[in-house]
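> sequence first, then the predicted structure, then my questions.
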Amino acid sequence: MEIAQLIHFLAVDQHASFTKAAKVVALSQPALSRSIARLEDELGQPLFERQSRQVVLTDAGRVLRGYATQVVELVDRAKAEITDDGQTGRVRLGAIPTIAPYLVPRVISAFRTVASLADIVVSEDVTENLTRACAAGDIDVALMALPVEAPYLEVEPLFEDELLLVLPAAHSLHAAPDVCLDDLRGHPFVLLNEAHCLTDNVVTACRSRAVEPVSVERTSQLAMVLELVAMGHGVSLIPKMARVTDHSPDRAYRSLAAHPSRTIVMVWNRYRFQTKLAARLLDTIRTELQTSAPADDTH
């Protein structure tokens with residue numbers, strides 16, 4: 001049983017005609033009929049009933065159709081993924097949870113304009129797991145924030161993402177003319193759990209001014225941090241990119257005097273073979289994101 005025979009078989013089934021199918025697969029009708037006849041001989045069963053105006057599948061043909069469809073689709077997918085033409089195949093993009101919802105859709109949209117036939121697979125995970133996946137070749141490039149402890153990986157800075165103070169709308173600091181990190185001393189903080197690098201960014205920024213965040217809540221979702229702040233559980237420092245999509249009247253944002261920030265980077269394994277498609281994704285990310293932090297109207 002050959003792939004070509006299965007393709008011929010599926011074409012006859014789709015068009016219910018040897019004549020029409022022969023044109024589609026670029027064979028003469030006798031050649032197509034011989035291909036199907038050899039397949040039937042091998043299986044020991046007729047696959048089609050030749051009626052006066054069309055051909056229809058036999059019971060054996062209906063069974064084969066399911067398998068043949070899967071086989072041909074798998075072959076096509078394998079060929080597309082392996083063929084290194086920069087247009088087809090599969091590329092894998094990773095991103096940490098505090099970046100993925102805000103930047104990945106933007107990257108995918110831009111990538112579709114230059115490689116519309118390619119499949120892009122997205123993995124959202126914490127920094128430790130993404131660096132491991134990059135090293136193993138399980139993903140082609142990842143969007144993260146410094147620090148990235150992986151000297152064997154290429155780390156390319158893209159832009160600085162300011163960390164904004166988020167606080168309940170009725171908080172006293174909302175109306176203050178200027179807010180600095182020192183003003184946060186003693187205020188309870190809502191933070192992500194230790195697996196998220198954003199927590200390291202926040203703690204490092206605070207400690208740079210000898211401010212020790214008093215954590216009263218820990219969660220694994222940035223959206224939950226925002227909800228807890230709105231409920232009055234504390235304040236937090238939130239990436240500017242997350243502020244752009246938040247329009248809740250229960251929260252207020254302030255830019256701090258020191259403008260603490262995190263550095264957004266893309267990471268990949270420079271020691272592994274890089275396909276043209278993966279290189280195109282890297283170029284797309286550079287064009288779309290480098291020195292291009294999301295706009296914001298925070299005062």
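Noted; the coordinates are in hand.
> pLDDT weak spots in the chain?
80-81, 195, 209-210, 212, 214, 216, 291-299 (pLDDT under 70).
> quick one: the strands in it, in order.
48-50, 55-57, 90-95, 119-124, 141-145, 154-168, 188-192, 214-219, 236-239, 251-254, 261-268 (DSSP state E).
> for residue 68, what are its contacts?
6, 9, 10 (C-beta atoms under 8 Å, 6 or more residues apart in numbering). In this view, the C-beta of every residue, glycine as well, is placed from N, C-alpha and C.
> likewise for residue 248?
Contacts of residue 248 by C-beta under 8 Å, 6+ apart are 226, 230.
> ok, now with 6 Å
Under the criterion of C-beta atoms under 6 Å, 6 or more residues apart in numbering, residue 248 has no neighbours.
> got the phi and psi for it?
phi -70, psi 130 (degrees, to the nearest 10).
> gap between it and residue 88?
Note on residue 248: its distance to residue 88, by C-beta to C-beta, to the nearest Å, is 42 Å.
> with residue 18 instead?
Per C-beta to C-beta, residue 18 is found 31 Å from residue 88.
> in TSV: the contacts of residue 68, plus distance to residue 113 and neighbour count.
What follows is the contacts of residue 68, written out as TSV (distance: C-beta to C-beta, whole Å; neighbours: other C-beta atoms under 10 Å):
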residue	distance to residue 113	neighbour count
6	35	21
9	37	25
10	32	19
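> that older thread, next, format the strands of the chain as JSON lines and append mean neighbour count and distance to residue 22.
Below are those laid out as JSON lines (neighbours: other C-beta atoms under 10 Å; distance: least, C-beta to C-beta, whole Å):
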{"stretch": "strand 48-50", "mean neighbour count": "13", "distance to residue 22": "14"}
{"stretch": "strand 55-57", "mean neighbour count": "16", "distance to residue 22": "12"}
{"stretch": "strand 90-95", "mean neighbour count": "22", "distance to residue 22": "33"}
{"stretch": "strand 119-124", "mean neighbour count": "14", "distance to residue 22": "32"}
{"stretch": "strand 141-145", "mean neighbour count": "25", "distance to residue 22": "45"}
{"stretch": "strand 154-168", "mean neighbour count": "20", "distance to residue 22": "52"}
{"stretch": "strand 188-192", "mean neighbour count": "21", "distance to residue 22": "62"}
{"stretch": "strand 214-219", "mean neighbour count": "15", "distance to residue 22": "63"}
{"stretch": "strand 236-239", "mean neighbour count": "26", "distance to residue 22": "59"}
{"stretch": "strand 251-254", "mean neighbour count": "20", "distance to residue 22": "66"}
{"stretch": "strand 261-268", "mean neighbour count": "21", "distance to residue 22": "47"}
